[in-house]
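*Asks:* Any chance you could fold what I've pasted below:
(one chain, ligands or ions: 2)
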Amino acid sequence: MAGHRASFPPGTAAEQRVDCTPVTPVAALERVVHCLDRAHDTGFKAKAFVRALEVARALPPDELAQRAKSDTLTELEGIGDSSAKVIQQALAGGDVAYLADLEAKTQVPITPEGAEYRGALRGDLHLHSRWSDGGATIEAMALTAVELGHEYMVLTDHSPRLTIAHGLSEERLHEQLADVAVLNERLAPFRILTGIEVDILEDGTLDHGDDVLSQLDVVVASVHSKLRMGGQEMTERMVRAVANPHVDILGHCTGRLIGKRDPSSFDPDYVFAACAQFHTAVEINCRPERLDPPRPLLQMAIEYGCYFAINSDAHATGQLEWQPHGCNRAAEVGVPLDRVLNSWPIEQLLAWVAGE
Ligand SMILES: [Zn+2]
Ligand SMILES: [Zn+2]
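*Replies:* Residues are numbered from 1 along each chain as shown. Ligands and ions are numbered 1, 2, ... in the order given. Here you go, the predicted structure:
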């Protein structure tokens, strides 16, 4: 894996795992949730562990230990047999069998060719935090990115129009920028770059003005509404967004959800030609339900000379491990690795997005 390893703040799950010291019950449960997330398990089991984690976090450690000893953990609402066992095994200081099994079963598959791309990645340019519709704090996402060997990540929470995802108003975005500045001091040399996943409105304008977008390091622009508009309208809408000088990356371009929603109609010749001309990278979205763009479109984008970004679009720490999905596809269709933005050193990336 590329990149350095920054040091972990003492006492975090990350540090404990690296040192192979026993984990706390909360850290063990956090890791269970992480593994279920990377396996894209959104069912009953995953929800139950998220709930158990909340309960364990809220309880004084003494009470948790006492209940583990007297075998009364399951009397707590939200703690079931499996989560009780994880807590007890963590407190016993030995191997947490349930977790060890899950670690092995939930590895994200990668091909030898894909591994070459993954090994070259230094960061992730599209991910969400609790500030919009993500499930983890910015800090938790950053610490996981560090563990994965990344040197940087771009925080791209949603813009205000996406109310369902608690999109950030200008005011909240400014609060977030202040938080990021503080975190960056603590996490150096790792770097959280500022960014946004800005909505492409129906006419191709964006859900924030120039004044806001110009303050951010990286801007991902995506279509999230009116995905079924006519092909010509959609083409004009996307080209207009791609041509906006603030836009650096076109997110999940077809909007498809595999098995659930067909790709939008647009003319890829116009859109990818515009991406190449206006220096807007085409995202290779790694979410398993998206895997967007589909292979034939990805091949077209290569031919147009586009740049790319292999992005997790993670909404939880475990999902930051999804980059192999995009790396496998990039390798399959032969994306030139030197055109993948997030394989570059941070200075090169920042110069490119600044238009140099
Ligand atoms: Zn999106
Ligand atoms: Zn997103």
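
*Asks:* Residue nearest the middle of the protein, spatially speaking?
*Replies:* By CA atoms, centre = their mean, the chain has its centre lying nearest to Ala314, at 2.3 Å.

*Asks:* my guess is that one meets Gln323, correct?
*Replies:* No: counting by CB atoms under 8 Å, Ala314 does not reach Gln323; the two are 9.2 Å apart. In short, each C-beta sits where N, CA and C put it, glycine included.

*Asks:* who touches both of those two?
*Replies:* Asp124 (CB atoms under 8 Å, 6 or more residues apart in numbering).

*Asks:* domains of this structure?
*Replies:* With domains defined by automatic domain parsing, the chain comprises 13-105, 112-353.

*Asks:* Just name the most buried of the ones you listed.
*Replies:* domain 112-353 (a mean of 20; mean count of other CB atoms under 10 Å).

*Asks:* Is there proximity between it and ligand 2?
*Replies:* Yes: against ligand 2, domain 112-353 shows contacts by CB under 5 Å from the ion at 197, 313.

*Asks:* my guess is Ile196 is in a strand, correct?
*Replies:* Yes: applying DSSP: H, G, I helix; E, B strand; the rest coil, one finds Ile196 inside a strand.

*Asks:* Now do the residue of the stretch 201-350 of the chain found nearest ligand 2, the pLDDT please.
*Replies:* Residue nearest to ligand 2 within the stretch 201-350 of the chain: Asp313 (4.3 Å; CB to the ion). Confidence at Asp313, expressed as pLDDT, is 98.

*Asks:* cool, the one 10 residues further on as well?
*Replies:* Per-residue confidence for Gln323 comes out at a pLDDT of 98.

*Asks:* just the one 3 residues further on next, same as before
*Replies:* For Gly326, the pLDDT comes out at 98.

*Asks:* surely it meets Ile284?
*Replies:* Yes: in this structure, Gly326 is within contact of Ile284 by CB under 8 Å, at 4.2 Å.

*Asks:* can you tell me which of the domains of the chain the model trusts least?
*Replies:* For the domains of the chain, where the average pLDDT is lowest is domain 13-105, sitting at a mean of 89.

*Asks:* Now the common contact residues for Gly326 and Ile284.
*Replies:* 310-311.
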